[in-house]
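Undergrad: Sharing a model prediction with you, sequence too.
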Amino acid sequence: MKLLKERAENRPVGDSLIVQTGVRLLVPFLQLFGLYVIVHGHYSPGGGFQGGVVLGSSFILLALAYDLKTSIRHFSLRANAILGNTGALIFTGIGAFCAVMGGLFLDYSALDKIIPLGPIEWRSFGIFLVEVGVGLAVMSIMVSLFWDLSSGGEMDEGL
């Protein structure tokens, strides 16, 4: 009981133990669902953009329930930049590689010349890779926009 009183006294005004506990329990499931939407996106509605939004919203939810520093501690600025650029590179790289291999931009059947899986299998695998790239880029951009807008570009305080 004494520990709970100490925690309550050290907590800034507006912080809620119930909200923070709920967010702490919800974030891993949101991230898992976001990954599921990205991975399953080439079979059903959804995909890279929707999964990236769900993944990004999990980090935004951390910032809203705790503070900006907590969100950045779980997903650093460097990791955010690397994942965002990697996602864009995956998308454009696959498209350009398809064009180099003799097809059109994002014509995945052209990749059959590298590994003979068949054009249908390459289309499925190519869509999957592009969805992963889009998901990473969307997640990174969404989190970056929130961090910048909520901190006024300072990245130290947040809401």
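TA: Received, thanks.
Undergrad: So which elements touch the longest helix anywhere in the chain?
TA: Using DSSP state H, we find that the single longest helix of the chain is helix 119-151. In terms of contacts (3 or more C-beta pairs under 8 Å, 6 or more residues apart in numbering; DSSP states H and E), helix 119-151 is packed against helix 17-40, helix 48-65, helix 68-74, helix 77-100. To be clear about C-beta, it is placed using only N, CA and C from the backbone, and glycine gets the same treatment.
Undergrad: in the shortest one, what's buried?
TA: This means helix 68-74. By neighbour count on 16 or more other C-beta atoms under 10 Å, the buried set for helix 68-74 is 68, 71-72.
Undergrad: for stretch 33-41, same thing?
TA: 34, 37-39, 41.
Undergrad: what does stretch 53-69 give?
TA: Buried-residue list, stretch 53-69, by 16+ other C-beta under 10 Å: 53-68.
Undergrad: just stretch 139-159 next, same as before
TA: 139-143, 146-147, 150-151, 158.
Undergrad: Residues touching that stretch, excluding its own?
TA: With contacts defined as C-beta atoms under 8 Å, 6 or more residues apart in numbering, stretch 139-159 is touched by 34, 52-53, 55-57, 59-60, 63-64, 67-69, 71-72, 75, 77, 80-81, 83-84, 87.
Undergrad: how far does it sit from the chain's center?
TA: Mean-position distance between stretch 139-159 and its chain equals 15 Å (C-alpha atoms, centre = their mean, to the nearest Å).
Undergrad: And the contacts of stretch 82-93?
TA: Contacts for stretch 82-93 (C-beta under 8 Å, 6+ apart): 52, 129-130, 132-141, 144.
Undergrad: now do 7 Å
TA: 129-130, 132-137, 139-141 (C-beta atoms under 7 Å, 6 or more residues apart in numbering).
Undergrad: Would you reformat those as CSV and include distance to Ala110 and pLDDT?
TA: Listed next are the contacts of stretch 82-93 as CSV, based on distance: C-beta to C-beta, whole Å; pLDDT from 0 to 100:
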residue, distance to Ala110, pLDDT
Leu129, 14, 90
Val130, 14, 90
Val132, 19, 94
Gly133, 17, 94
Val134, 20, 94
Gly135, 23, 95
Leu136, 23, 95
Ala137, 23, 96
Met139, 28, 96
Ser140, 28, 96
Ile141, 29, 96
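Undergrad: would TSV of those with distance to Phe29 be doable?
TA: Converted to TSV, the contacts of stretch 82-93 look like this (distance: C-beta to C-beta, whole Å):
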residue	distance to Phe29
Leu129	25
Val130	26
Val132	20
Gly133	24
Val134	22
Gly135	17
Leu136	20
Ala137	23
Met139	16
Ser140	21
Ile141	23
